[in-house]
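S.K.: Take a look and give me a structure for this.
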Amino acid sequence: MPKPQEVAVLEVNGQKFEDWESVWVQQRWADSFTYFRFTAAERDPIINKRGGPFPLIAKLQFKPGVQCTIDLAGQRAVSGYIETRQVAYDAKRTA
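M.R.: Numbers count the residues shown, from 1 in each chain. Now for the predicted structure:
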């Protein structure tokens, strides 16, 4: 069981995620905003109606414009919106 002081929780569009792969948060002294990024796998397979590898944007959990908060060790570190979605595939997964 993880220690509470080491837990990061992402809340995206009202849904909490604790099974992320990585979380990165940076507050810069001179900037009025916080930088963040995270990596996570989509929970549901997403395939278009023709069975191709292109996802249906309506089913994506992480997409630009969606509200996101990140809590680190129970403290709110970031509250903002996802700006960019970067997708990666490997040889064994096509969707």
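
S.K.: what comes up buried for stretch 18-31?
M.R.: Val23 (16 or more other Cβ atoms under 10 Å). Every C-beta, even on glycine, is put in place using the N, C-alpha and C of the backbone.

S.K.: Next, the contact list for the closest residue to Trp20 other than its chain neighbours, please.
M.R.: Closest residue to Trp20 apart from its sequence neighbours, by Cβ to Cβ, 6 or more residues apart in numbering: Ala40 at 4.4 Å. Contacts for Ala40 (Cβ atoms under 8 Å, 6 or more residues apart in numbering) come out as 10, 17, 19-21, 62.

S.K.: now Ala40: how far from Phe62?
M.R.: 7 Å (Cβ to Cβ, to the nearest Å).

S.K.: my guess is Ala77 contacts Phe38, does it?
M.R.: No: look at Ala77 against Phe38 with Cβ atoms under 8 Å: they stay out of range, at 11.5 Å.

S.K.: so where's the chain uncertain?
M.R.: 1, 41-60, 88-95 (pLDDT under 70).

S.K.: which stretches of the protein form strands?
M.R.: For the chain, the strands defined by DSSP state E cover 8-12, 15-17, 22-27, 34-39, 67-72, 75-81.

S.K.: among those, which is nearest Val87?
M.R.: Each of the strands of the chain was scored for nearness to Val87 using Cβ to Cβ, and the closest is strand 34-39 (11.0 Å).
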